[in-house]
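Colleague: Below are the sequence and a predicted model; questions follow.
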Amino acid sequence: MEIAPKIQKLGTASEKTGSSFKLAASSEALGLLPPDFVKRHGILPLKIEGDFLYIATAEPGNLSIINDIRLLTGLEVVEEKVPISDISATIAGRYQVTVEKMIENLGGEGALGVEGKTLHDIEVMANEPTVVNLVNLIVSTALRERASDIHFVPFENFLQLRYRIDGLLHEKPPPPRQLHAALVSRIKIMADMNIAERYLPQDGHIQINHRGARVDIRVGTLPTIYGESLVMRLLEKSARVQTVEELGLDPERAALLSRLVGKPHGLFLATGPTGSGKTTTLYSILQSIYAPELKILTIEDPVEYELPGVAQIPVRPARNFTFAHGLRAILRQDPDVVMVGEIRDSETADIAIRAALTGHQVFSTLHTNDSTGAVTRLIDMGVEPFLVSSSLEGVLAQRLVRRICSNCRRSQDGDPALAERLAGISGHRPEGGFFIGTGCEECRGTGYYGRVGIFELLQINGELRELILKKRSNAELKAAAQKAMLTMHQDALQKVAAGLTTIEEILRVSSGDLN
């Protein structure tokens, strides 16, 4: 006679994290059942207590599966009813084939070597299941670890693989050096690039679906002395555009920003170095001002996220369709609001400013270290000071710093030497204690999870317009602006005091230039 399995409600075997359950499964229990059995039946061994094996299942009471488990383990079964989505997510995380394991299996000097191979041979190898699976696994692992970029860099005796996560590069166990040509060729095939061209830079594009979400991958290659270096930029199209408050702007300055971008015409700039989140900020602004009665057009390189109700145009330099050419064409489309991905040259700057003076609301980005630097940069590009003074309404300068992981955050006194160094740069010392992340599974032991912006919002007032007309230096503009402006360092210190980031992060990002 069969013994009916015990069934109990979900208890201590799982914990709530966000909107889903993260199942706590012991390694001992996981090792009792073959991975293919677990995946096929959608069950997960959780723990062993005495003669009982606790399992998670979405459909308890299946005696056939229970009997199979008894035969495989010699234990009685206690079932816990859990949604299949939570079981599948945990199975994917615990039973996955990792990049490290696959690379280890690929080790050996004779494995798919490419020395002396012809282009045809390499193309055939690029379509080998082993290479295809390795590329797919590298991409899916990067997405799972929240990476924004994947870097392949060849050297004489090894191939370097790194993921950029929360703005920093993390080195991963590399594939064998002899697989480099096959891996690059495989990615080129996916991106519809010319695999025969290995001595000139190339750009390509891949679109995939990952766990139900669409992901766009921008691919770029660059020839080096040891072969082609390759970078893949990962853009999840389904990602929600955050509000400026979610990006890290405090309510008072968010209200000021809303007033500045709500004007019917004028130029507004987001500034900062590459990778500081300028375009994301402009997307957030466009989303906040969108209304059916406004015609909003953008020209970008490339289009990173799709905004509902906004017509977005990618530049195509290969066809001589640049920012300047695109902006001229956009202005003939009767827009109310225009976003230019970046002001790179005097021609684009001149057209953007004249558009702002003729009744259009214009947004763009510029590479400068601070907010007032945008003024001197435009003048250096050849724009007349009176045009800058008349058109520019505001500048938002920004950086991104890593956010302390909320799961392992704790208070500490902090390093006095670091506090002194920060005080020496900024002239301010954070009040109270400091916070750090001790490292946990959620943040992969780094102590950080995600990023938050530090900002400097400049409103162009009457005094500044006079100084711009007189072509005053950046130092004079900055001195005048700081009378009524929270600087990036002050904003950074507030975020340190609030426990959002650490002193080490502020010093890493500032390098003493956020005065």
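Modeller: On my side now, so go ahead. Numbering: from 1, shown residues only.
Colleague: ok, L267 touching T365?
Modeller: No. Using Cβ atoms under 8 Å, L267 is not in contact with T365, being 11.7 Å away. (Each C-beta comes from the backbone N, C-alpha and C, glycine too.)
Colleague: the more surrounded of those two?
Modeller: L267 (30 against 22; other Cβ atoms under 10 Å).
Colleague: Checking the more buried one next. Helix, strand or coil?
Modeller: Following DSSP: H, G, I helix; E, B strand; the rest coil, the label given to L267 is strand.
Colleague: and it, what is it in contact with?
Modeller: With contacts defined as Cβ atoms under 8 Å, 6 or more residues apart in numbering, L267 is in contact with A352, I353, A356, V362, F363, S364, S391, L392, E393.
Colleague: one more time with 6 Å
Modeller: Counting by Cβ atoms under 6 Å, 6 or more residues apart in numbering, L267 touches A356, V362, S391, L392.
Colleague: Quick one: distance of the helix or strand hosting H180 to the chain centre.
Modeller: Using DSSP states H and E, H180 sits within helix 180-190. On the basis of Cα atoms, centre = their mean, to the nearest Å, helix 180-190 is displaced by 24 Å from the centre of the chain it belongs to.
Colleague: What of stretch 239-258?
Modeller: Put simply, stretch 239-258 sits 18 Å off its chain's centre (Cα atoms, centre = their mean).
Colleague: what's in contact with it?
Modeller: Outside stretch 239-258, the residues that reach it (Cβ under 6 Å, 6+ apart) are Y283, S284, Q287, V452, G453, F455, L457.
Colleague: The last one is in contact with L396, isn't it?
Modeller: To tie it back to what came earlier, the one meant is L457. Yes. In this structure, L457 is within contact of L396 by Cβ atoms under 6 Å, at 5.3 Å.
Colleague: Looking at those two, which one has more neighbours?
Modeller: With neighbours defined as other Cβ under 10 Å, L457 and L396 compare such that L396 has more, 27 against 23.
Colleague: got a list of what that one touches?
Modeller: Here L396 is in contact with A270, L457 (Cβ under 6 Å, 6+ apart).
Colleague: redo that, cut-off 7 Å
Modeller: L257, A270, T281, F455, L457 (Cβ atoms under 7 Å, 6 or more residues apart in numbering).
Colleague: what's the distance between the residue nearest the centre of the chain and I165?
Modeller: Among the residues of the chain, the one closest to the centroid is S148, at 4.2 Å (Cα atoms, centre = their mean). As judged by Cβ to Cβ, to the nearest Å, S148 and I165 stand 7 Å apart.
Colleague: now do I87
Modeller: Taking Cβ to Cβ, one finds I87 at 27 Å from I165.
Colleague: Now tell me which helix or strand of the chain has the poorest mean pLDDT.
Modeller: In the chain, no helix or strand scores lower on mean pLDDT, DSSP states H and E than strand 14-17, which sits at a mean of 41.
Colleague: just for the chain, where's the confidence low?
Modeller: 1-22, 95-128, 238, 414-415, 418-433, 511-515 (pLDDT under 70).
Colleague: which element follows the lengthiest helix in the chain toward the C-terminus?
Modeller: Looking across the chain with DSSP state H, the single longest helix is helix 129-144. Downstream of helix 129-144, the next assigned helix or strand under DSSP H and E is strand 147-154.
Colleague: Quick check: neighbours of that next one in the sheet, parallel or antiparallel?
Modeller: Applying DSSP bridges, strand 147-154 is found paired with strand 159-165 (antiparallel), strand 227-236 (antiparallel).
Colleague: Can you lay out those strands as JSON lines showing distance to I206 and mean neighbour count?
Modeller: Converted to JSON lines, the strands paired with strand 147-154 look like this (distance: least, Cβ to Cβ, whole Å; neighbours: other Cβ atoms under 10 Å):
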{"stretch": "strand 159-165", "distance to I206": "17", "mean neighbour count": "20"}
{"stretch": "strand 227-236", "distance to I206": "8", "mean neighbour count": "19"}
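Colleague: So which of those strands is nearest V401?
Modeller: Nearest to V401 among the strands paired with strand 147-154 is strand 159-165 (14.0 Å), distances taken as Cβ to Cβ.
Colleague: got the angle for the closest one vs helix 129-144?
Modeller: 30 degrees (axes from the mean of the first three to the mean of the last three Cα atoms, to 10 degrees).
Colleague: and strand 159-165, C-alpha only, in CSV?
Modeller: Taking C-alpha atoms only, strand 159-165 is exported to CSV below (Å, rounded to 0.1, in the frame of the first residue of the first chain):
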residue,chain,number,x,y,z
LEU,A,159,41.7,36.2,-23.5
GLN,A,160,40.3,38.6,-21.0
LEU,A,161,36.5,38.5,-20.2
ARG,A,162,35.0,41.2,-18.0
TYR,A,163,31.5,42.4,-17.1
ARG,A,164,30.7,46.0,-16.2
ILE,A,165,28.3,46.0,-13.2
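Colleague: what does that strand contact?
Modeller: By Cβ under 7 Å, 6+ apart, strand 159-165 touches 142, 145-153, 169-172, 174-175, 177, 180.
Colleague: Confirm for me that S389 is in contact with R465.
Modeller: Yes. Between S389 and R465 there is a contact under Cβ atoms under 7 Å: 4.5 Å.
Colleague: if we can go back for a sec, make a markdown table from the strands paired with strand 147-154 and add distance to N133 to it.
Modeller: Shown next, in a markdown table, are the strands paired with strand 147-154 (distance: least, Cβ to Cβ, whole Å):
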| stretch | distance to N133 |
| --- | --- |
| strand 159-165 | 15 |
| strand 227-236 | 17 |
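Colleague: With respect to A191, which of these lies nearest?
Modeller: The nearest among those, by Cβ to Cβ, is strand 227-236 at 8.7 Å.
Colleague: and of the strands paired with strand 147-154, who's closest to D216?
Modeller: Between those, strand 227-236 lies closest to D216; by Cβ to Cβ that is 4.5 Å.
Colleague: CA atoms only for that closest one - export them in PDB, please.
Modeller: Presented in PDB, the C-alpha positions along strand 227-236 are these (Å, rounded to 0.1, in the frame of the first residue of the first chain):
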ATOM      1  CA  GLY A 227      43.300  40.300 -32.500                       C
ATOM      2  CA  GLU A 228      39.900  42.000 -32.300                       C
ATOM      3  CA  SER A 229      38.800  43.600 -29.000                       C
ATOM      4  CA  LEU A 230      35.000  43.300 -28.700                       C
ATOM      5  CA  VAL A 231      32.400  45.100 -26.500                       C
ATOM      6  CA  MET A 232      28.700  44.300 -26.100                       C
ATOM      7  CA  ARG A 233      26.400  46.900 -24.600                       C
ATOM      8  CA  LEU A 234      23.300  45.400 -23.100                       C
ATOM      9  CA  LEU A 235      20.100  47.400 -23.200                       C
ATOM     10  CA  GLU A 236      16.900  46.000 -21.800                       C
END
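Colleague: Help me confirm that T281 is found in a strand?
Modeller: No. According to three-state DSSP, T281 belongs to no strand; its state is helix.
Colleague: L396 falls within a strand, correct?
Modeller: Yes. Counting by three-state DSSP, L396 falls inside a strand.
Colleague: What about the residue lying closest to L23 once chain neighbours are set aside, how many residues nearby?
Modeller: Nearest residue to L23, sequence neighbours excluded (Cβ to Cβ, 6 or more residues apart in numbering): T90, at 4.2 Å. Residues within reach of T90, counting by other Cβ under 10 Å, total 23.
Colleague: cool, L469 as well?
Modeller: 14.
Colleague: what helix or strand does the closest residue in space to it that isn't next to it in sequence sit in?
Modeller: Nearest residue to L469, sequence neighbours excluded (Cβ to Cβ, 6+ apart): S389, at 5.0 Å. Taking DSSP H and E as the criterion, S389 maps to helix 385-391.
Colleague: buried ones in that helix?
Modeller: P385, L387, V388, S389, S390, S391 (16 or more other Cβ atoms under 10 Å).
Colleague: now do stretch 25-37
Modeller: So stretch 25-37, judged by 16+ other Cβ under 10 Å, has buried residues A25, A29, L30, L32, L33.
Colleague: do stretch 47-58 as well
Modeller: Buried residues in stretch 47-58, counted by 16+ other Cβ under 10 Å: K47, L53, Y54, I55, A56, T57.
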